[in-house]
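In: have a look at this prediction, sequence included:
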Amino acid sequence: MIKFVLMISKSNRTCFSRYFEDRELKERVILESDLIRTILARKTKGCSFFDYHDLKIIFRQFASVFIVCGVDEEENEIGILEFIQLFVEILDSYFPKVSDFDIMLNLEKVHIILEEMLSNGHITETRKGHILSQLGLMDSNR
């Protein structure tokens with residue numbers, strides 16, 4: 001199960017967060033600051049996953065943004081890397097060039113994309129065309 005999805009900028013801030021389990025705000029701040037320090041300190045050629053307390057952290061960098069997923073022990077690391085890749089491909093298809101600025105200006109759209117892909121922390125939709133068509137329908141109704 002995916003416990004949370006974060007988008008972190010190279011400038012040491014969280015651009016986007018979605019948690020699928022209850023965590024106190026103070027705990028979230030500590031978690032996010034620890035992850036930011038750890039991920040930014042890692043070598044670019046290093047492994048994209050590591051253990052953090054009772055979670056596995058899986059991340060990828062795209063331009064100036066890191067997509068980070070915290071998952072439980074049973075989750076497949078390669079499967080989550082594929083999920084992250086698909087998430088970014090959808091963001092790239094929907095927005096001209098994904099940057100931390102685009103994310104912060106379109107938080108609602110990023111949440112909608114993620115909600116189309118995940119339900120309660122479980123991957124439910126992986127068809128890129130279907131997700132983009134749902135977004136197109138929402139845009140045409142506005």
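Out: Ah, there it is. Residues are numbered from 1 along each chain as shown.

In: so, low pLDDT: which residues of the protein?
Out: Scanning the chain for pLDDT under 70 picks out 142.

In: how about a cut-off of 80?
Out: 43-46, 96-102, 138-142 (pLDDT under 80).

In: residue boundaries of the helices in it?
Out: In the chain, the helices defined using DSSP state H lie at 25-41, 77-94, 100-105, 107-117, 128-140.

In: show me what counts as buried in the last one.
Out: To tie it back to what came earlier, the one meant is helix 128-140. The neighbour-count check on helix 128-140 (16 or more other C-beta atoms under 10 Å) flags 131, 132, 135 as buried. Placement of C-beta: from N, CA and C, glycine included.

In: now the residues you listed as a markdown table including distance to residue 24?
Out: Converted to a markdown table, the buried residues of helix 128-140 look like this (distance: C-beta to C-beta, whole Å):
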| residue | distance to residue 24 |
| --- | --- |
| 131 | 32 |
| 132 | 36 |
| 135 | 32 |
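
In: now do stretch 114-130: distance to the chain's middle.
Out: Centroid displacement of stretch 114-130 relative to its chain, using C-alpha atoms, centre = their mean, to the nearest Å, is 12 Å.

In: give the bridge partners for residue 19, please.
Out: Following DSSP bridges, residue 19 is listed with bridge partners residue 4.
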